[in-house]
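Colleague: what shape does this take:
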Amino acid sequence: VSDVHAFEWLSQMRFFWDRDNDDCVVCQTNANNKYGYEYLGNGGRLVITPLTDRCYMTLTTALHLHRGGSPQGPAGTGKTETVKDLGKALATYVIVVNCSEGLDYKSMGRMFSGLAQTGAWACFDEFNRINIEVLSVVAQQVSSIVQALSSNRSRFVFEGAELRPVGDVGIFITINPGSAGRPRLHVR
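Modeller: Predicted structure coming up:
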């Protein structure tokens, strides 16, 4: 790479010390995300492929915009592991929730409330197992968190309680398309 503005360089995950904020920043493409300082041990990492590179670029940009992500693909292809590995690269712990028909909007709301107040990440694995009736309420819950973060509000009302959001929250879902007996979800 001969130019600092070359895409080959910008697409790499780069770590910088921000002297103005006295904090570490992780840059990739046009996205800047805070380093989490969460020690996660010296465990193994995923093999980096062009697909994981594209997934990381997409997810870091989404996080920069206070959005989450939805890796999709057949079972066993590494969707959840990719989210966890990105969390490890950014030194942020990822809570994995195995979704089932038993999750209701109240339990999801409690989880989202905790995520919003701590800036934690969660990966809701096999999200399409949740009953379709619950998903519309969940969409509204996530939307209210995203709106609060995007507008830099210091407080917002969530499920009747006033919360102070932390901007580093990451909400990810994985979907196994074509699973028998599960609703088809169209994620945009």
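
Colleague: okay, strands next: where are they in the protein?
Modeller: 14-18, 23-28, 31-34, 94-98, 121-125, 156-158, 161-163, 170-173 (DSSP state E).

Colleague: can you say which of those is nearest to Tyr105?
Modeller: Smallest distance to Tyr105 across the strands of the chain (CB to CB): 12.4 Å, for strand 156-158. In short, each C-beta sits where N, CA and C put it, glycine included.

Colleague: quick one: buried residues of that closest one?
Modeller: 156, 158 (16 or more other CB atoms under 10 Å).

Colleague: and stretch 80-89, by the same measure?
Modeller: Residues of stretch 80-89 classed as buried by neighbour count (16+ other CB under 10 Å): 80-89.

Colleague: just stretch 141-148 next, same as before
Modeller: In terms of neighbour count (16+ other CB under 10 Å), stretch 141-148 has its buried residues at 141-142, 144-146, 148.

Colleague: identify the residue spatially nearest to the spatially most central residue of the chain, adjacent ones excluded.
Modeller: The residue lying closest to the centre of the chain (CA atoms, centre = their mean) is Gly170, at 3.4 Å. Nearest residue to Gly170, sequence neighbours excluded (CB to CB, 6 or more residues apart in numbering): Trp121, at 3.6 Å.
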